[in-house]
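Asks: sequence-free structure coming up:
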């Protein structure tokens, strides 16, 4: 009798797991369950669609025929309402019970809403799914003034969308710079200036105290905690994700700001695995538990989870993630965990070229590159090797830096 695998979630983590399971277990029964009404698409490209730069056609990755061709049972528009780990089964909103030998939870997160008055008004958008992108595109095309909230990697997508659609926007930030936990003011100012050039004005030490709406319930202004009023007919909110862990709350599955997994993507329940944004995983490079929301990380986690579902212990998840922004005239890339560490080193290497490396116990744990991305391979290699660079940090800032520039130094024992 062949094994049966159930995957909840058809994002890149769930889909890469399905691909790998079919390769590793040609005769297995594979079921993929997703709340969404469409199969796997490229979440990276949907921002280009919302900007008006791409049609829908190139964004799909797996159309529904892929699942038929690979003998994968795809359940669209299906919500799992219960997981019974004692009887190895899940129950859907239609009261269908689907049994499994191994289960993968690739259930991701849901955008956080601002806890303020009128936060759910017409014209206020969150950006996570392709359907979100369609609504944003339609809304922003008819807008004149916008407000953006959330000074991080997702918030800047809204800034780029407003800029591309010629919407004058105010970008309300609680602190004194964009992504202040990863960038110094010098690095952030490069990003601020790029926004201003596109008609998006950063507003510092701000935020949203409440939204005001018209008689039809549509947003017409954001009021910040200082009492400043910013008129808008479009608002984008990107303040983080709530992990979709409600489904496991009444199970023995351990959670801690996500579903806790080991380096093999297995939870504390032997035949239940998790992958993607929802995981709190054992980061073998960092040496502690971590979270990561990048596309590449989620894809690799899905692949590693599938291999261990067929043979536990056969593959470890060891990954240095990266996230790039392509909205501006210069490249931007973050890698690893740039907001962590107990020390950092940074430099402007040329006009418009800036880099920062975060360090912990003398080892690189992450960083940000603006303009010149060429050192990324060297920095990632040093992360993987756990090299102590504490006495040679100035070399990391040299133009054209490579690993060969460093004297031999101690790796982790």
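Replies: Structure received. Fair warning: this is a prediction, and the values are worked out from it, not measured in the lab.

Asks: who's in contact with the longest helix anywhere in the chain?
Replies: Ranked by number of residues, the top helix in the chain under DSSP state H is helix 295-310. Helix 295-310 is contacted from outside by 3, 5, 11-21, 24-25, 43-44, 102, 104, 106, 264-266, 273-277, 279, 281, 292, 314-317, 319, 321-322, using C-beta atoms under 8 Å, 6 or more residues apart in numbering. All C-beta spots, glycine's among them, are computed from the backbone N, C-alpha and C.

Asks: return the set of buried residues in that helix.
Replies: 295, 297-310 (16 or more other C-beta atoms under 10 Å).

Asks: now do stretch 87-106
Replies: Quick answer for stretch 87-106 (16+ other C-beta under 10 Å): 88, 90, 98, 100, 102-106.

Asks: looking at those residues, which are in strands?
Replies: 90, 98, 102-105 (DSSP state E).

Asks: of the residues you listed, just say which sits nearest to residue 177.
Replies: residue 105 (36.0 Å; C-beta to C-beta).

Asks: make sure that closest one is actually in contact with residue 258.
Replies: No. Counting by C-beta atoms under 8 Å, residue 258 is not a contact partner of residue 105; they are 10.2 Å apart.

Asks: between the two, what contacts are shared?
Replies: With C-beta under 8 Å, 6+ apart as the test, residue 105 and residue 258 both reach residue 278.

Asks: surely residue 236 is in a helix?
Replies: No. Residue 236: not assigned to a helix; according to DSSP: H, G, I helix; E, B strand; the rest coil it is strand.

Asks: begin at 230 from now on, thanks
Replies: Yes, from this point I'll number from 230; that puts the last item at residue 465.

Asks: just checking, it touches residue 378?
Replies: Yes. At 7.2 Å, residue 465 counts as touching residue 378 under the criterion of C-beta under 8 Å.

Asks: before we move on, back to that, of the contacts of helix 524-539, grab the buried ones for ChimeraX.
Replies: In ChimeraX, this line selects whichever of the contacts of helix 524-539 come out buried by 16+ other C-beta under 10 Å:
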select :234,240,241,242,243,244,245,246,247,248,249,250,254,272,331,333,335,493,494,495,502,503,504,505,506,508,510,521,544,546,548,550,551
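
Asks: in strands only, show me the contacts of helix 524-539.
Replies: Per DSSP E, the contacts of helix 524-539 map to strands at 234, 331, 333, 502-503, 508, 510, 551.

Asks: starting at the chain centroid, how far to stretch 319-334?
Replies: Here stretch 319-334 is found 26 Å from its chain centre; the criterion is C-alpha atoms, centre = their mean, to the nearest Å.

Asks: what does it contact?
Replies: By C-beta under 8 Å, 6+ apart, the list of residues contacting stretch 319-334 reads 232-238, 243, 246, 260, 262, 304, 307-314, 316-318, 476-477, 482, 488, 496, 500-504, 507, 531, 534-535, 538.

Asks: what's the answer for stretch 410-420, then?
Replies: Residues from elsewhere that reach stretch 410-420 (C-beta under 8 Å, 6+ apart): 385, 405-409, 557, 559, 561, 563, 567-568, 575, 577, 581, 583, 585, 587, 595, 597, 599-600.

Asks: what's near enough to touch the residue positioned nearest the centre of the chain?
Replies: Among the residues of the chain, the one closest to the centroid is residue 522, at 3.2 Å (C-alpha atoms, centre = their mean). Residues near residue 522 by C-beta under 8 Å, 6+ apart: 470, 506.

Asks: quick check: phi and psi on it?
Replies: phi -110, psi 20 (degrees, to the nearest 10).

Asks: same thing with residue 518?
Replies: Torsion angles, degrees, to the nearest 10, at residue 518: phi -70, psi 150.

Asks: follow-up on the earlier one: residues that sit against both of residue 465 and residue 378, list them.
Replies: residue 384.

Asks: I'd like the buried residues of stretch 316-335 as a markdown table, with distance to residue 392 and pLDDT appended.
Replies: Formatted as a markdown table, these follow (distance: C-beta to C-beta, whole Å; pLDDT from 0 to 100):
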| residue | distance to residue 392 | pLDDT |
| --- | --- | --- |
| 317 | 50 | 98 |
| 319 | 43 | 98 |
| 327 | 45 | 98 |
| 329 | 46 | 98 |
| 331 | 45 | 98 |
| 332 | 43 | 98 |
| 333 | 38 | 98 |
| 334 | 37 | 98 |
| 335 | 33 | 98 |
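
Asks: where does pLDDT dip in the stretch 380-529 of the chain?
Replies: Filtered on pLDDT under 70, the stretch 380-529 of the chain yields no residues whatsoever.

Asks: what sits up against stretch 454-462?
Replies: With C-beta under 8 Å, 6+ apart, stretch 454-462 has contacts from 352, 371-376, 398-399, 401, 432, 434-438, 441, 447-453.

Asks: show the buried residues in these.
Replies: Judged by 16+ other C-beta under 10 Å, buried ones among these: 352, 372, 374-376, 398-399, 401, 432, 435-437, 441, 448-453.

Asks: select from these every entry located in strands.
Replies: Using DSSP E, the buried ones among the contacts of stretch 454-462 in strands are 374-376, 398-399, 401, 432, 441, 448-452.

Asks: pick out the most distant pair among those residues.
Replies: Within these, two members stand farthest from each other by C-beta to C-beta: 432 and 449, at 17.7 Å.

Asks: check contacts around the residue nearest to residue 355 when sequence neighbours are not counted.
Replies: Nearest residue to residue 355, sequence neighbours excluded (C-beta to C-beta, 6 or more residues apart in numbering): residue 340, at 3.7 Å. For residue 340, the contact set (C-beta under 8 Å, 6+ apart) comprises 355-357, 466-471.

Asks: fine by me, thanks again.
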